[in-house]
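**Student:** predicted model, plus sequence, below.
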Amino acid sequence: MSDNAPVMSYLAGLEKSAIPVWLLDPDHMRIVWANQAAADLWRATSPEELLARDLKGAPTSVVIRTNAIAARIRMGEVVIEDWTLYPKGVPTPVKLHFAGAPLDDGRIGILNQALPSEAGPNPSLLRGIEALRHVPMIVALVAEHGEILMQNPAALSAFGDRTAWAAWFGDTEEADRLVRAALGGENVQRSIRFQTLAGERLHSVHALATKDPVSGRPAVLVHHTDETDRALAQAKADEQLALNERLQSTLALVEKQRNDILALSAPILDVGDDTIAMPIIGQIDEVRTQELVERLLTEITQRRAAYVILDMTSAEVSDDLGVDRLVQLIGAVRLLGARPTITGVQPGLATQLATVGFASANATIARTLADGLARRRDRR
């Protein structure tokens, strides 16, 4: 750090300090300077041995916390926090004073000073413990062999006072697999069904490797989020969606069958180069007549039909409204430039047609479909 003489001078004055001091490069997670007291704190044989240590394998939570402190220091802040360090795996609670100091390339490093711990409870720690007591999320600290080292009241309420995390599962192998995966560096997230004191519940389980702050041994921090109500709501929504899809499919099938029946009861026949015939079978009412109009007029346009024969041999008209619609159908045929012919009119229908003034509909009348076809040929 020869390019930063003032900093070197300041650090040189701290070499003999009884307070552990070290300078951290947060971007590369390495210590670039340390005094002997810092080496002793970190259980290193010398400051040089401490500087040679690789800190890149630090837990993700430590890296995130360090980056947050670096950001605050770059804004000109001085930060004091309680940390638990793990020199060679031994948990060491300290109060760290963080300040900014320039590195040899001009970037800002973190100057760490391990201050003597103050007497009395730490307010931040007390608040953290109190918050943990009241959160509805189930939280536990699990040792590497599955023993529960700590659990919050939500965990006790859900599972009772059990000493092993595997007892929550009812499946020791699955609990062991999750612990091994977390200790292996995996950010474990699983959805698992548990038999709790309130019955079967679906939990989203998150497990992350850490260390026991008391013993310094590897441990796993686990938290469970109860997803039962959300899963039930999602299942209900999925069921409703499936029901709607089945209903739409049924409606589509009904519509297809209705169209098929309509096509069978009023087929449109190509009986000549420019002639189509529609034998109408069954009841004629307002709704059905509208459907006949739509089908017939479309066919007239697409086939460029000049003659249209409506065979009424098997048709039934129940009321005057049906007759009116039939008259309108004939008028629509004429508006498209086609010449309508009515065949097979039965006595009852003939009376109804005469009553509503069918004579003014200007349509050719024939007794049978064959007669209608013959008249069409005669007119050509």
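**Tutor:** That came through fine.

**Student:** could you use CA atoms for every contact and neighbour count after this?
**Tutor:** OK.

**Student:** next SSE downstream of the helix or strand where Arg65 lies?
**Tutor:** Taking DSSP states H and E as the criterion, the element that holds Arg65 is helix 60-74. Next along the chain after helix 60-74, taking DSSP H and E as the criterion, comes strand 79-85.

**Student:** buried residues in that next one, which are they?
**Tutor:** Across strand 79-85, burial judged by 16 or more other C-alpha atoms under 10 Å covers Ile80, Asp82, Thr84, Leu85.

**Student:** using CSV, write out every CA atom in stretch 341-348.
**Tutor:** The C-alpha coordinates for stretch 341-348 follow below in CSV (Å, rounded to 0.1, in the frame of the first residue of the first chain):
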residue,chain,number,x,y,z
THR,A,341,-90.2,-22.5,-55.6
ILE,A,342,-92.4,-24.1,-52.9
THR,A,343,-93.3,-27.7,-53.2
GLY,A,344,-95.2,-30.4,-51.2
VAL,A,345,-97.5,-27.9,-49.4
GLN,A,346,-100.0,-29.9,-47.3
PRO,A,347,-103.7,-28.9,-46.9
GLY,A,348,-103.3,-27.5,-43.3
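
**Student:** list the contacts of it.
**Tutor:** The list of residues contacting stretch 341-348 from outside it, by C-alpha atoms under 8 Å, 6 or more residues apart in numbering, reads 307-314, 363-369, 371-372.

**Student:** if we go to 7 Å?
**Tutor:** Contacting residues not belonging to stretch 341-348 are listed as 308-313, 363-369, 372 [C-alpha atoms under 7 Å, 6 or more residues apart in numbering].

**Student:** now, which of the residues you listed sits nearest Asn67?
**Tutor:** Minimum distance to Asn67 across the contacts of stretch 341-348 is 85.3 Å, recorded for Val308 (C-alpha to C-alpha).

**Student:** returning to that earlier point: can you put the buried residues of strand 79-85 in TSV and add pLDDT and distance to Arg246?
**Tutor:** TSV is the format used below for these (pLDDT from 0 to 100; distance: C-alpha to C-alpha, whole Å):
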residue	pLDDT	distance to Arg246
Ile80	92	63
Asp82	85	61
Thr84	85	60
Leu85	87	61
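
**Student:** nearest the geometric middle of the protein, what residue?
**Tutor:** With distances taken as C-alpha atoms, centre = their mean, the residue of the chain nearest its centroid is Gln234 (10.5 Å).

**Student:** mind checking how far that one is from Leu241?
**Tutor:** Taken as C-alpha to C-alpha, to the nearest Å, the spacing of Gln234 relative to Leu241 amounts to 10 Å.

**Student:** now Asn112
**Tutor:** 59 Å.

**Student:** who's more crowded, the two?
**Tutor:** Neighbours were counted for Asn112 and for Leu241 using other C-alpha atoms under 10 Å; Asn112 has more, 22 against 12.

**Student:** hang on, that one packs against Phe98?
**Tutor:** Yes. With contact taken as C-alpha atoms under 7 Å, Asn112 and Phe98 are classed as touching, separated by 5.0 Å.

**Student:** Asp25: neighbour count?
**Tutor:** For Asp25, the count of nearby residues is 19 (other C-alpha under 10 Å).

**Student:** excluding residues flanking it in the chain, which one is nearest it?
**Tutor:** Gly109 (5.0 Å; C-alpha to C-alpha, 6 or more residues apart in numbering).

**Student:** would you mark the buried spots in stretch 204-214?
**Tutor:** If you call a residue buried by 16+ other C-alpha under 10 Å, then stretch 204-214 has these buried ones: Ser204, Val205, His206, Ala207, Leu208, Ala209, Thr210, Lys211, Asp212, Pro213.

**Student:** what is the helix or strand that contains the third one packed up against?
**Tutor:** This means His206. Of the helices and strands defined by DSSP H and E, His206 is found in strand 199-211. For strand 199-211, the elements it packs on are helix 172-183, strand 188-196, strand 218-226, helix 228-265, judged by 3 or more C-alpha pairs under 7 Å, 6 or more residues apart in numbering; DSSP states H and E.

**Student:** the closest residue to Leu51 other than its chain neighbours pairs with what?
**Tutor:** By the measure of C-alpha to C-alpha, 6+ apart, the closest residue to Leu51 outside its immediate chain neighbours is Ile31, 5.2 Å from it. The residues paired with Ile31 through beta bridges, assigned by DSSP bridges, are Leu24.

**Student:** does Ile31 touch Leu23 like I think?
**Tutor:** Yes. In this structure, Ile31 is within contact of Leu23 by C-alpha under 7 Å, at 5.7 Å.

**Student:** Arg53 - nearest residue in space that isn't next to it in sequence?
**Tutor:** In space, and not counting its chain neighbours, Arg53 is closest to Arg30: 7.4 Å by C-alpha to C-alpha, 6+ apart.

**Student:** how near is that neighbour to Pro87?
**Tutor:** Using C-alpha to C-alpha, Arg30 is found at 15 Å from Pro87.

**Student:** same thing with Gly109?
**Tutor:** Taking C-alpha to C-alpha as the criterion, Gly109 is separated from Pro87 by 21 Å.

**Student:** same deal with Leu321?
**Tutor:** As judged by C-alpha to C-alpha, Leu321 and Pro87 stand 98 Å apart.

**Student:** show me what stretch 168-175 is in contact with.
**Tutor:** Stretch 168-175 is touched from outside by Phe159, Trp165, Ala166, Phe194, with contacts defined as C-alpha under 7 Å, 6+ apart.

**Student:** what are the buried residues along it?
**Tutor:** Of the residues in stretch 168-175, Trp168, Phe169, Ala175 count as buried by neighbour count, 16+ other C-alpha under 10 Å.
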